[in-house]
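*Asks:* Need coordinates for the below:
(one chain, ligands or ions: 1)
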Amino acid sequence: MAERRGPARRRSHGRRRIDPARRAAYRTLREVSEHDAYANLVLPEALRGAGVSGRDAAFATELTNGTLRALGSYDLIIEAASGRAPGEFDPPLLDVLRLGAHQALAMRVPDHAAVAASVDLAGVEVGERVTGLVNAVMRKIAARDLPAWTELLSAGEDELGAIAIRTHHPRWIVQAYADLLPADELVAALEANNAPPQTWLTVRPGLAEVDELVAAGAALDPIAPFGARWSGDPSAAPGVREGRVGVQDPGSQLVALALARGDAPAGRWLDLCAGPGGKAALLAGLARERGDELIAAEPQPHRVRLVERALRAYPSPPEVVVADGTAPPWAAGSFARVLADVPCSGLGALRRRPEARWRRDPEDIAALRPLQETLLGSALDLAEPGGLVAYVTCSPHRAETAEVLDAVLAARADAEPVRAELPEAPAATGPDGRVQLWPHRDGTDAMFIALLRKRATG
Ligand SMILES: C[S@@+](CC[C@H](N)C(=O)[O-])C[C@H]1O[C@@H](n2cnc3c(N)ncnc32)[C@H](O)[C@@H]1O
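*Replies:* Numbers count the residues shown, from 1 in each chain. Just a heads-up that it's a prediction; the model follows:
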């Protein structure tokens, strides 16, 4: 493939000027580093604000997201090249070097362009005093390619430590994956987190048809019976602006379908943790097709508004209630089906959130456990006898999936596991009847679902 310098660097009157694409990437990285912002929210704003589009926007997106995904590895490389720990750098300077490392090691930017662009960025954003240092460190970084760096840094590491460096993940995530997957799938599973996900659309049942999407160029795929793959800007797809069609990963679609397809009495459906509303929007249509009605609950007002927006295209949209699922405002046994799509670490959606893997740690997972158990307990309380509860996480981590279920089931006699069947991903259902989807196997986010039935008597 031809080399790509990236957007042309600009200089005028002897002053350094940075091209708007690299500046947008830098500004985004600063927001993520300093303010725990989410790159997928900040970058589009930064690009719009700078009027960057087309190829330059694609360059800025790859530069930002790629840098964030491999941040831990780049910090090790910067440390080895400079002799300084990341914490010893001025944070803005560290971000300049991280962006430079990604350009030199993982993008088709020639070394001299990556070095020069980093020197200019440092000169403008940090100060002329650091440009000599940036020049020296960047030259050392660019002197090896990425495989040579990872081999060097892996020396002395055990197998998991070496895989962590090679696949750009913190070691504890590699360990969690190793606990869940056969050894020969481990690297493929981790590498799948480094590829940006495709865009998928889901129709709201009764409001739009998949054929409409196909006629507009979307690609059918058996993994997503209510949706299709879309290339380009999803807001240009039919039905998206009106809310008849939503953007949704097929994994989210499948877990909602597993709840809808299960055997349960007629009656109201509840989405206990509904924000931002993707699954509620699918479930609402599926419920109406059967003459039932969905109620969506969410405690955070700004997310309630997102749920209302997701449901807006339905005539007489389903009720959205501001409610804390740990103290729900309904009597026990009020619902035939309950979705408990609980707050979780999001380790199953690392493809979508480039910075997430470096922000989380095992303590976060432990801290979520009481809320997850309480919400599952509430969901079971709210289900009527014979009713169905779906416990869902966007995380494959055992502490958020099997351990929560086992603890709750051990504590109550009124619930029993039900096998969740997904013909679209038959291998995803384990011998215990619980479903774990994976990006490298199914092309979906790593969603987990277990179905439980409320027994007729406790
Ligand atoms: C994984 S997200 C749900 C995703 C959603 N089902 C969808 O498909 O768009 C978890 C949601 O639970 C909400 N949540 C947090 N604490 C909660 C609580 N105590 N009761 C109910 N929901 C809660 C969060 O605000 C968040 O919107």
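*Asks:* and the gap between residue 74 and residue 29?
*Replies:* Remark: distance between residue 74 and residue 29 (Cβ to Cβ, to the nearest Å) = 11 Å. To be clear about C-beta, it is placed using only N, CA and C from the backbone, and glycine gets the same treatment.
*Asks:* Can you report phi and psi for the nearest residue to residue 216 once chain neighbours are set aside?
*Replies:* Of all residues beyond its chain neighbours, the one nearest residue 216 is residue 238 (5.0 Å), with distances taken as Cβ to Cβ, 6 or more residues apart in numbering. With angles defined as degrees, to the nearest 10, residue 238 sits at phi -60, psi 140.
*Asks:* How confident was the prediction at the spatially most central residue of the chain?
*Replies:* When Cα atoms, centre = their mean is applied to the chain, the residue found nearest the centroid is residue 349 (2.9 Å). Looking at residue 349, its pLDDT is 96.
*Asks:* I figured it hits residue 444, correct?
*Replies:* No. Between residue 349 and residue 444 there is no contact under Cβ atoms under 8 Å: 9.9 Å.
*Asks:* Please enumerate the shared neighbours of residue 74 and residue 29.
*Replies:* Shared contacts of residue 74 and residue 29 (Cβ atoms under 8 Å, 6 or more residues apart in numbering): 67, 98.
*Asks:* returning to that earlier point: OK, contacts around the residue nearest to the centre of the chain?
*Replies:* 249, 356, 394, 445-446.
*Asks:* Contact partners for residue 56?
*Replies:* 7, 19-21.
*Asks:* Neighbour-wise, give me the winner out of these.
*Replies:* For the contacts of residue 56, the largest number of neighbours (other Cβ atoms under 10 Å) sits with residue 21, at 26 neighbours.
*Asks:* which SSE is it in?
*Replies:* In the assignment (DSSP states H and E), residue 21 maps to helix 20-35.
*Asks:* Now do the buried residues in the following helix or strand past that helix.
*Replies:* Using DSSP H and E, the helix or strand that follows helix 20-35 towards the C-terminus is helix 39-50. For helix 39-50, a neighbour-count test (16 or more other Cβ atoms under 10 Å) marks 39-40, 42-43, 46-47, 50 as buried.
*Asks:* can I assume residue 227 is in contact with residue 201?
*Replies:* Yes. Applying Cβ under 8 Å, one finds residue 227 in contact with residue 201, separated by 5.2 Å.
*Asks:* Mutual contacts of the two, please.
*Replies:* Joint contacts of residue 227 and residue 201 (Cβ under 8 Å, 6+ apart) are 213, 248.
*Asks:* can you pull the buried residues of the longest helix belonging to the chain?
*Replies:* Secondary structure of the chain per DSSP state H: the longest helix is helix 362-382. By 16+ other Cβ under 10 Å, the buried positions in helix 362-382 come out as 365, 368, 371-382.
*Asks:* Who are the packing partners of it?
*Replies:* Applying 3 or more Cβ pairs under 8 Å, 6 or more residues apart in numbering; DSSP states H and E, one finds that helix 362-382 makes contact with strand 335-341, strand 383-393, helix 402-411.
*Asks:* hmm, back to that, tilt between the helix holding residue 21 and helix 39-50?
*Replies:* 140 degrees (axes from the mean of the first three to the mean of the last three Cα atoms, to 10 degrees).
*Asks:* who touches helix 20-35?
*Replies:* By Cβ under 8 Å, 6+ apart, helix 20-35 touches 6-7, 18, 37-39, 42-43, 46-47, 49-52, 56-57, 59-60, 63-64, 67-68, 91-92, 94-96, 98-99, 117, 121, 125, 355.
*Asks:* One more pass at 6 Å, please.
*Replies:* With Cβ atoms under 6 Å, 6 or more residues apart in numbering as the test, helix 20-35 has contacts from 7, 37, 39, 42-43, 46-47, 50, 52, 56, 59-60, 63-64, 91, 95, 99, 117, 355.
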